[in-house]
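In: need a structure here:
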Amino acid sequence: MQEKIEAFIEGLEAFDDDRHEIISRVRERLIAKHPQLEERFQYGGILFYDRAQAYCGLFARKDYVTVELGNAAYIEDSFGHLEGKGTKEGRRHLRLQTAADIEGKHVEDYLDLTWETF
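Out: From the prediction side, this is the model:
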């Protein structure tokens with residue numbers, strides 16, 4: 001599984017945009033903050049599981065990255081950046097187009113808020 005993740009990330013380097021940097025930086029923060037998370041390559045992206053529950057996912061779209069947040073439908077969106085209505089699983093997402101969006105859209109704050117719901 002790790003080989004698929006590494007190939008996915010390396011494949012993003014070929015593009016002239018920020019998707020590689022965004023996914024690499026957010027992934028590094030997730031692993032540093034929650035080393036117990038299990039990474040899986042699923043649905044064309046990286047999913048991070050806490051036990052059997054999907055906590056977060058990173059997906060490279062055509063022109064941006066989505067950070068899919070489990071249980072984000074159950075938190076207060078005080079920053080106003082969450083997109084989606086929330087599925088039956090409670091997922092919502094952040095859309096990041098540049099590396100600056102990691103800080104500008106409060107990714108770390110959202111990760112912390114959703115972590116509290118697990």
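
In: which residues in this structure form strands?
Out: Under the criterion DSSP state E, strands of the chain are mapped to 38-42, 45-50, 53-60, 65-69, 92-96.

In: and the first one, which strands flank it?
Out: What it means is strand 38-42. Pairing partners of strand 38-42, with direction, according to DSSP bridges: strand 45-50 (antiparallel).

In: pLDDT of the strand it pairs with, averaged?
Out: The average pLDDT for strand 45-50 rounds to 97.

In: tell me which residues of it are tucked away?
Out: Within strand 45-50, the residues that qualify as buried are G45, I46, L47, F48, Y49, counting by 16 or more other Cβ atoms under 10 Å. C-beta coordinates here come from the backbone N, C-alpha and C atoms, glycine included.

In: cool, stretch 52-60 as well?
Out: A54, Y55, C56, G57, L58, F59, A60.

In: hmm, back to that, with distance to R25 as added columns, please give the strands of the chain in a markdown table.
Out: Below are these laid out as a markdown table (distance: least, Cβ to Cβ, whole Å):
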| stretch | distance to R25 |
| --- | --- |
| strand 38-42 | 15 |
| strand 45-50 | 13 |
| strand 53-60 | 10 |
| strand 65-69 | 10 |
| strand 92-96 | 10 |
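
In: Many thanks, I have nothing further to ask.
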